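S.K.: Need a 3D model of the sequence below.
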Amino acid sequence: MRSSDAVAELLQLIVFDAWASGRIVTALAALDDQQRRAPDGSAFGSAHGTFGHLVGAQHIWLERWRGTNLSAAPDWVLLDEFEELAARLRSIESQRRALLEGLGERLISTEVTYRTLAGREFRDPLPELVRHAVNHASYHRGQLAMRLRQFGVAPPATDYILWRREVTAR
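M.R.: A predicted model of the protein is given here:
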């Protein structure tokens, strides 16, 4: 694969990720705050907590890609209202796309040295970290889809192939 094709593929993943998250945000907006915050026995305690984790993780990865290591998730993950988290996610997605587009073909050869929140240091190729961030968000969107079903809200389809079909139909 040519490096320009690899860059295009990674940027497509970022656009897909924003599309899929946007669809989940729209669906979550159909719930009221009490429903979003209702305890659900999940690792993050509620749909709101899971969504906050998703947004916080996207923020942490963006900061790592920029060379900034955080020692904790940002406070706003727990404190922000749903609408504020949704706005933060849109901003993160925009910044992430601009950063990766700005790298151009250097995106393929860029390696990122970063520390986990626990302080362990790693060095990974940026393309692998992009794939990880998209996969991580997909996992949590699936959890949120299940929670939506429990409240009687039909979750949106967020499959990559559906996004591809939508894009190529234009």
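S.K.: can we go C-alpha only for contacts and neighbour counts from here?
M.R.: Will do.
S.K.: List the residue ranges of this protein that fall below the pLDDT cut-off.
M.R.: Filtered on pLDDT under 70, the chain yields the residue ranges 1.
S.K.: Do a quick rundown of the strands in it.
M.R.: 111-115, 121-125 (DSSP state E).
S.K.: what's the most buried one of these?
M.R.: Most buried of these by mean neighbour count (mean count of other CA atoms under 10 Å) is strand 111-115; its value is a mean of 17.
S.K.: Does anything pack onto it? Which helices or strands?
M.R.: Other helices and strands packing on strand 111-115, by 3 or more CA pairs under 8 Å, 6 or more residues apart in numbering; DSSP states H and E, are helix 47-65, strand 121-125.
S.K.: again, 7 Å this time
M.R.: Counting contacts by 3 or more CA pairs under 7 Å, 6 or more residues apart in numbering; DSSP states H and E, strand 111-115 is packed against strand 121-125.
S.K.: relative to strand 111-115, how tilted is the strand it packs on?
M.R.: 160 degrees (axes from the mean of the first three to the mean of the last three CA atoms, to 10 degrees).
S.K.: closest one to Val7 among the strands of the chain?
M.R.: strand 121-125 (12.9 Å; CA to CA).
S.K.: Mind listing residues that contact the closest one?
M.R.: Thr110, Glu111, Val112, Thr113, Tyr114, Arg115 (CA atoms under 7 Å, 6 or more residues apart in numbering).
S.K.: quick one: it to chain centroid distance?
M.R.: Distance, stretch centre to chain centre, for strand 121-125: 19 Å (CA atoms, centre = their mean, to the nearest Å).
S.K.: What strands flank it, and is each parallel or antiparallel?
M.R.: Within its sheet, strand 121-125 is paired with strand 111-115 (antiparallel), according to DSSP bridges.
S.K.: The partner strand relative to helix 47-65, how many degrees between them?
M.R.: Per the same axes, to 10 degrees, the angle that strand 111-115 makes with helix 47-65 is 120 degrees.
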